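Student: pasting the structure only:
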């Protein structure tokens, strides 16, 4: 783990997606954070020690999904499948497919494996899986404020984790989609689509891979926007998301994810930034969601 010194920073952004606003000043206490997302190797050690079975490995219950066809009540997860040509970006079903048998051990379906991917981030993880691992490791999940503070690496109000420019000197600084999403891939590395967790350089706090590669789950509940500071002179102290009891339950409670993934692209989902955020349902796992842990200093 790396030590993150804490301090005051501008959280959120008024320049990008609406749910990142309003930008506000927050103070975060010092903490320690995993240098990388949890890898397949680390998660395997947890599973071997505890026998834990992830959400994606458990068949859904008919009681929980009374309207589901019986043939769909089988374990699986959502897998990215690249279409052959341009598609309408309003319809994610063009590139997402539910695969029976897909899980952290078989990230692309039953015929795949994590052989050769032990230093890649574990995927097909939901919030309860991440909490189970963190508890076993004597850690916890970060708050959104902690995660964003760490991702900024001491750079105040920069759009990107590495500074004001998207690709300084024309060089990608994280694993995001290169080309026209979701059909054209121009990256030099392909196949697994995720990359080893130290493939890109660390920030000033010694943290790798906070941007791109996989979305990272936090412990905060999602609402479409931040609560503003009470007045311009105030600083929010260690802010947390809303309580679950205060959420609008119409779409189902969701957790905040941060950092974007290898599927974020300039023409779609420009969320490869510290301020960016996205909701993740408690019962949805995919090939591009993982996590890392923190601990109190």
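Tutor: Arrived safely. Only a predicted model underlies this, so the values are computations on that prediction, with no experimental measurement involved.

Student: which residues touch the nearest residue to residue 288 once chain neighbours are set aside?
Tutor: Taking Cβ to Cβ, 6 or more residues apart in numbering, and ignoring the residues beside it in sequence, residue 288 has residue 261 as its nearest neighbour in space, at 3.9 Å. Glycine gets a C-beta too; all of them are placed from N, C-alpha and C. Residues counted as contacts of residue 261 (Cβ atoms under 8 Å, 6 or more residues apart in numbering) are 176, 212-215, 288-289.

Student: What of residue 223?
Tutor: Under the criterion of Cβ under 8 Å, 6+ apart, the contact partners of residue 223 comprise 241-242, 247.

Student: Check the residue nearest to residue 204 when sequence neighbours are not counted and give its pLDDT.
Tutor: Using Cβ to Cβ, 6+ apart and skipping the chain neighbours, the partner closest in space to residue 204 is residue 153 (4.3 Å). At residue 153 the predicted local distance difference test score is 96.

Student: so residue 153 makes contact with residue 207?
Tutor: Yes: contact criterion Cβ atoms under 8 Å: residue 153 and residue 207 qualify, at 7.1 Å.

Student: which residue ranges form the strands in this protein?
Tutor: All strands of the chain, identified by DSSP state E, fall at 2-4, 7-11, 24-28, 31-33, 76-80, 96-100, 215-221, 236-237, 254-258, 277-281, 289-290, 294-296.

Student: how much distance is there from the lowest-mean-pLDDT helix or strand in the chain to the middle of the chain?
Tutor: Taking mean pLDDT, DSSP states H and E as the measure, the helix or strand of the chain with the lowest value is strand 236-237, at a mean of 90. Averaging C-alpha positions (Cα atoms, centre = their mean, to the nearest Å) puts strand 236-237 24 Å from its chain's average.

Student: just stretch 34-52 next, same as before
Tutor: Between the centre of stretch 34-52 and the centre of its host chain there is 17 Å, according to Cα atoms, centre = their mean.

Student: Which residue is the nearest non-sequential neighbour of residue 21?
Tutor: Nearest in space to residue 21, with sequence neighbours left out and distances taken as Cβ to Cβ, 6+ apart, is residue 14 at 5.0 Å.

Student: Can you give me the distance of that neighbour to residue 226?
Tutor: Using Cβ to Cβ, to the nearest Å, residue 14 is found at 10 Å from residue 226.

Student: again with residue 52
Tutor: 34 Å.
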